[in-house]
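Asker: After the sequence you'll find the predicted model.
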Amino acid sequence: MNSKKFDVIIIGAGLSGLSVNRFLDKMSPDLDILVLEKSNRPGGAIRSMKKEGFLAEWGPHGFLDNVEENRELLGDLKIMDSAQKAPLKKFLRYICLGGKLITIPQTPPKIIRSNLMPFHSKMRVLGDLFLKPKPNEQTIADWAAYRFGKAMIPFADIAMTGTYAGDIDKLSIDAAMPGLRRLEKEFGSVFKGAIKSRKQKPNRSMPSMISFEDGMEHLVRKLAEGRNIRYKSSVDSIKRNETDWQVETGSGLYSAKSLVVALHINQALQLLKGIKKAPGPELPTATVINVVLGFDSSAEIPFGFGYLAPKSEQRFALGTLFSIHMFPKRAPDGLNLVEVLVGGNRNPERLELDDSELIDKAYRDISQLIKLPKPPVFSSVIRPKVGIPQLEMGYGKYLDYRESLHEEAEGLHICGFGWEGIGINEMVRQARKTAVDVLNRKASGSGPARAKPIYF
Ligand SMILES: Cc1cc2nc3c(=O)[nH]c(=O)nc-3n(C[C@H](O)[C@H](O)[C@H](O)COP(=O)(O)OP(=O)(O)OC[C@H]3O[C@@H](n4cnc5c(N)ncnc54)[C@H](O)[C@@H]3O)c2cc1C
């Protein structure tokens, strides 16, 4: 069978593949690019639900506007000005401690200055200034306890619950927060490193959380508009001949000099094992169910983004988003909307509960924390098909594997969900770098890990 030839083939029309496509097209408009997508829609994990006047999300609810590559992308798509912005300065987040919602000071130094910790725990946090970095890979729980003391563990826990829906006793600090680890190793202390980095970028103001009037799906729809995407085209195998990559789908054979695999890491491992044996099993993933609840005007939803509950609180929900406050027009006039997150790596058995049990348990759990005099007037359960990859202990071998493929397999570029991070900003940053690499016909490696500021 003859193959159809392109300059570049991108596998996957999720955020990563679509962003590589856009950046490539902008940098080199004459390139003939094809995107192959398994499903019948763009966006992968990003998808919004509209029902009876409520708007909720299958996957991400937003992202921070503090990454240059993403600002460039939104600017190119001309959607920056119409984006909905929830400034972190104004919107508070809460932690559930001792069965109550407590406002979290928005950065780790403010937590230390607050009265959330006893004096001796505050003194222990300063241990970071004096303790030698341990060279070996550590779990986030062990690392946080060693550097800052046990009192910081609930805060490390909610930071990871809010991003990975993961377990801090399994996630690796080296893999999940390589930027912090770099500061620790380079400057001997996270605080010293953070202060030095701040001096280099003195005007760093608090970012905003971004979404869109139609939800996050607006972003991927805009990215996909007018692009050469072939839907319902699942790639079954990839092979390289002397000059080109051959890509086989059920409906056709395609070839290109450059091939971008922009998939969830586990889907990528399936395809790449035909080129080189995988370094281990698939990564564990965390699935988060979203129990969407609407209430009448008697509900008193505290102002802010929502709350997260550390493992030690042993609650039913991982946390709840106060969606009615976060972004406007997510519920019919006069009604309230919250999205209750359940499951994750902490309570995978709860993913098996049926919808009515989930709604009932979620409602009972949050009504102990929020004044909800009447039961929900609307409910819907969203069960995402995509799990969040868990960058747990030993993850480094997957990055080494990717590095070795980049070196050995000419014209192959790998990015996507779970390769060097899991967040939208990380995906877009990687996508831009991948586009540059495709044009330079080389793979430039990971580069130094950036330390992301932690905000609550
Ligand atoms: C529940 C959840 C909540 C999240 N919340 C946030 C958040 O609040 N903030 C944030 O920054 N990030 C969040 N994320 C992460 C964010 O959604 C991801 O970073 C991003 O969507 C990953 O995009 P991707 O294109 O790399 O992967 P994916 O979205 O997985 O896309 C991969 C695409 O490839 C397609 N595909 C798979 N196999 C093949 C094949 N063989 N052939 C062709 N096509 C194939 C799939 O159908 C899919 O469309 C969340 C993720 C989840 C799941």
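Answerer: Okay, I see it.

Asker: who's in contact with the residue of the stretch 51-200 of the chain at minimum distance from the ligand?
Answerer: When scored by Cβ to the nearest ligand atom, the stretch 51-200 of the chain has P60 as its residue closest to the ligand, at 3.1 Å. From N, CA and C alone the C-beta is placed, and that goes for glycine too. Residues near P60 by Cβ atoms under 8 Å, 6 or more residues apart in numbering: 45-46, 216, 424.

Asker: Apply 10 Å and report the result again.
Answerer: Applying Cβ atoms under 10 Å, 6 or more residues apart in numbering, we find P60 in contact with 15, 45-48, 211, 215-216, 219, 422-424.

Asker: quick one: pLDDT of it?
Answerer: Looking at P60, its pLDDT is 96.

Asker: returning to that earlier point: now the contacts of P60 as TSV including neighbour count and distance to D174?
Answerer: As requested, the contacts of P60 are arranged in TSV below (neighbours: other Cβ atoms under 10 Å; distance: Cβ to Cβ, whole Å):
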residue	neighbour count	distance to D174
L15	28	25
A45	22	24
I46	24	28
R47	20	31
S48	22	34
S211	25	31
G215	23	34
M216	25	29
L219	29	30
I422	23	15
G423	17	17
I424	24	22
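
Asker: Helices - which of those land there?
Answerer: 15, 219, 424 (DSSP state H).

Asker: Now pLDDT too, for these, in JSON lines please.
Answerer: Listed next are the ones in helices among the contacts of P60 as JSON lines, based on pLDDT from 0 to 100:
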{"residue": "L15", "pLDDT": "98"}
{"residue": "L219", "pLDDT": "98"}
{"residue": "I424", "pLDDT": "97"}
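
Asker: returning to what we had before: do you know how far the residue of the stretch 51-200 of the chain closest to the ligand is from L223?
Answerer: Here P60 is placed at a distance of 14 Å from L223 (Cβ to Cβ, to the nearest Å).

Asker: Now the common contact residues for those two.
Answerer: Going by Cβ under 10 Å, 6+ apart, residues that sit against P60 and also against L223 are 15, 46.

Asker: buried stuff in stretch 176-185?
Answerer: Neighbour-count burial for stretch 176-185 flags 176-184 (criterion: 16 or more other Cβ atoms under 10 Å).

Asker: Could you list the low-pLDDT ranges of the stretch 101-250 of the chain?
Answerer: 108, 202-204 (pLDDT under 70).

Asker: how about the residues of it that lie near the ligand?
Answerer: Residues of the stretch 101-250 of the chain lying close to the ligand (Cβ under 6 Å from any ligand atom) are 234-235.

Asker: Any idea which residue of the stretch 101-250 of the chain lies closest to the ligand?
Answerer: Per Cβ to the nearest ligand atom, V235 is where the stretch 101-250 of the chain lies closest to the ligand, at 3.7 Å.

Asker: For the nearest residue to that residue once chain neighbours are set aside, list each beta-bridge partner.
Answerer: Among residues not flanking V235 along the chain, I11 sits closest, at 5.0 Å (Cβ to Cβ, 6 or more residues apart in numbering). For I11, the beta-bridge partners are L36, V261 (DSSP bridges).

Asker: follow-up on the earlier one: which residues are in contact with the residue of the stretch 101-250 of the chain closest to the ligand?
Answerer: V235 neighbours (Cβ under 10 Å, 6+ apart): 9, 11-12, 36-38, 247-250, 254, 259, 261, 263, 267, 270-271.

Asker: cool, and S379?
Answerer: Applying Cβ under 10 Å, 6+ apart, the residues contacting S379 are 54, 291-294, 340, 355-356, 358-360, 362-363.

Asker: Give me the distance between it and E349.
Answerer: Going from S379 to E349 by Cβ to Cβ gives 21 Å.

Asker: what does L405 give?
Answerer: The spacing between L405 and E349, counted by Cβ to Cβ, is 36 Å.

Asker: Who has more neighbours out of those two?
Answerer: When L405 is set against E349 and neighbours are counted by other Cβ atoms under 10 Å, the residue ahead is L405, at 18 against 7.

Asker: name the element that one belongs to?
Answerer: Using DSSP states H and E, L405 sits within helix 396-408.

Asker: What are the buried residues along stretch 260-280?
Answerer: For stretch 260-280, by 16+ other Cβ under 10 Å, it's 260-269, 271-272, 275.

Asker: near the ligand, from the residues you listed?
Answerer: 262-264, 267.

Asker: List the ones among those residues that fall in strands.
Answerer: Using DSSP state E, the members of those that fall within strands are A262.

Asker: Next to the ligand, which bits of the stretch 351-456 of the chain? Give me the list.
Answerer: So the stretch 351-456 of the chain meets the ligand at 384, 386, 388, 416-417, 422-424, 427 (Cβ under 6 Å from any ligand atom).

Asker: close enough to count as contact, the residue nearest to V235 and V261?
Answerer: Yes - if you go by Cβ atoms under 10 Å, I11 and V261 touch, sitting 5.2 Å apart.

Asker: Now the common contact residues for these two.
Answerer: 17, 235, 238, 247, 267-268, 271, 414, 416.

Asker: Out of these, give me the two with the largest separation.
Answerer: Greatest spacing in these, by Cβ to Cβ: V247 and G416 (15.9 Å).

Asker: Buried residues of the helix or strand hosting V247, list them for me.
Answerer: Using DSSP H and E, V247 maps to strand 245-249. Within strand 245-249, the residues that count as buried by 16+ other Cβ under 10 Å are 245-249.

Asker: So which residues make contact with it?
Answerer: Strand 245-249 is contacted from outside by 1, 3-4, 6, 8-9, 11, 34, 36, 38, 230, 232-240, 253-261, 271, 275, 409-412, using Cβ under 10 Å, 6+ apart.

Asker: From the contacts of S379, pick the one nearest K329.
Answerer: Nearest to K329 out of these is F54 (Cβ to Cβ; 10.2 Å).

Asker: Now pLDDT too, for the ones next to the ligand among the buried residues of stretch 260-280, in CSV please.
Answerer: Output for those, formatted as CSV (pLDDT from 0 to 100):
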residue, pLDDT
A262, 98
L263, 98
H264, 98
Q267, 98
